[in-house]
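K.L.:
I'll drop the sequence and a predicted model, then ask my questions.
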Amino acid sequence: MIDVKNISKRYGNIVAVDDVSLQVESGSIVGLLGPNGAGKTSLIRVLTGFHHPNEGRAFVDSVDVVKDSVEARKRIGYVPESLPLYPDLSVFEYLTFIANARSLDRNTERIEEALSHCGLSEMKYRRIGDLSKGYRQRVGLAQATVHDPAVLILDEPTSGLDPLQLIDIRGYIKELGKTKTVILSTHIMQEVEALCEKALIMNQGKIVASGSMNDLRTYGGAAYQYSIEFLGTLTKDGFSRLRALPNVLEVVDHGAEKKRHKVEVRSGKDLEASIFDFTCEENLKLLGLTPHKSSVEDVFVKLTGGTNDQITDSEGS
């Protein structure tokens with residue numbers, strides 16, 4: 001598991017990580033989200049031993065990342081956003097170099113397993129420099145897992161993959177997440193919702209939200225949006241009654257045409273049963289009821305004050 005206790009990291013007067021605490025259990029995949037400068041990369045660099053924190057402690061698989069940095073790194077597999085690959089080596093030569101650097105036993109067996117899991121068996125004698133970006137991503141995953149680490153930290157691991165490769169790598173990451181602790185840093189919201197049981201949202205160096213996907217979709221009053229179409233006449237009194245339903249936050253009237261009335265309703269919870277009862281009591285015929293639950297992306301934008309195109313991170317954040 002990963003256990004972070006009150007970690008802070010500063011660069012001069014800039015506070016990149018501000019008193020962050022978190023736990024990630026083994027057998028789980030957790031998404032790490034945040035806009036530019038949120039502190040994601042700095043937090044990852046502390047966890048992987050590249051930077052020491054100014055305050056606080058961090059443990060990877062119960063090993064202190066500062067006091068026993070070498071042992072902690074043995075337990076981590078890391079895929080950085082910019083992969084440190086050697087283009088003149090073949091895939092097999094590169095993984096052999098990594099295995100030797102880690103002083104692994106049964107090198108060839110472990111390399112073959114990593115190649116197979118990452119769909120690289122047919123590419124193992126190809127020069128890395130001749131591979132597509134998608135296959136280079138696979139090589140990065142292979143080097144991160146060749147030593148069978150307890151913890152995986154993946155920074156944009158599916159960048160550049162085509163749809164079929166994406167399905168394969170997602171499946172591999174899900175399989176790894178059954179027995180390992182996985183932190184997935186990405187700017188692709190669909191990636192988080194497809195792979196992660198939980199997510200952490202960082203902003204200005206702090207964790208501003210955390211929880212399961214369902215928890216985050218309703219975090220801080222995030223709402224369901226309903227598009228409703230009635231057949232009949234919705235009176236002023238009817239509008240008042242609709243607005244007065246429990247947990248209704250807002251009702252927007254789109255007007256009536258040939259007795260077909262359209263409204264938008266925002267609520268803090270499921271309202272399907274209440275809306276159905278309301279239409280019966282008002283002698284209206286319910287023609288359509290479409291719920292649109294808030295997405296993690298909606299909550300991200302709300303909590304960070306950003307826009308959807310800011311869901312990314314830079315190397316220096």
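P.N.:
Yep, it's here. Bear in mind the structure is a predicted one, so any value in this text is a computation, not a measurement. Numbers count the residues shown, from 1 in each chain.

K.L.:
my guess is V79 meets V139, correct?
P.N.:
No. Applying Cβ atoms under 8 Å as the test, V79 and V139 come out as separate, 9.8 Å apart. Backbone N, C-alpha and C define where each C-beta goes, glycine included.

K.L.:
Which of those two has more residues huddled nearby?
P.N.:
Per other Cβ atoms under 10 Å, whichever of V79 and V139 has more neighbours is V139, with 27 against 22.

K.L.:
just the strands in the stretch 1-150 of the chain please.
P.N.:
Along the stretch 1-150 of the chain, the segments classed as strands by DSSP state E, counting those that start in this stretch run 2-11, 14-24, 28-33, 55-60, 63-64, 76-79.

K.L.:
low-scoring stretches of this protein, by residue?
P.N.:
160, 218, 220-223, 306-317 (pLDDT under 70).

K.L.:
mind checking how far the residue at the greatest distance from the centre of it is from F278?
P.N.:
Most distant from the centre of the chain: K258, at 45.9 Å, with distances by Cα atoms, centre = their mean. Distance, K258 to F278, using Cβ to Cβ, to the nearest Å: 21 Å.

K.L.:
can you list the domains in the chain?
P.N.:
2-218, 223-293 (automatic domain parsing).

K.L.:
Ok, which of the ones you listed comes nearest T304?
P.N.:
T304 lies closest, by Cβ to Cβ, to one member of the domains of the chain: domain 2-218, at 4.5 Å.

K.L.:
so where do the helices sit in the stretch 1-150 of the chain?
P.N.:
40-47, 69-74, 91-101, 107-117, 133-145 (DSSP state H, counting those that start in this stretch).

K.L.:
In JSON lines, list the ones you listed along with distance to D270.
P.N.:
Formatted as JSON lines, the helices of the stretch 1-150 of the chain follow (distance: least, Cβ to Cβ, whole Å):
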{"stretch": "helix 40-47", "distance to D270": "33"}
{"stretch": "helix 69-74", "distance to D270": "44"}
{"stretch": "helix 91-101", "distance to D270": "50"}
{"stretch": "helix 107-117", "distance to D270": "40"}
{"stretch": "helix 133-145", "distance to D270": "39"}
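
K.L.:
if you compare those helices, which one is most tucked away?
P.N.:
helix 40-47 (a mean of 25; mean count of other Cβ atoms under 10 Å).

K.L.:
most neighbours per residue, which of the domains of the chain?
P.N.:
domain 2-218 (a mean of 18).

K.L.:
now L166: how far from L22?
P.N.:
To L22, L166 is 27 Å away according to Cβ to Cβ.

K.L.:
right, I mislabeled it, should have said Q225
P.N.:
Q225 sits 31 Å away from L22, going by Cβ to Cβ.
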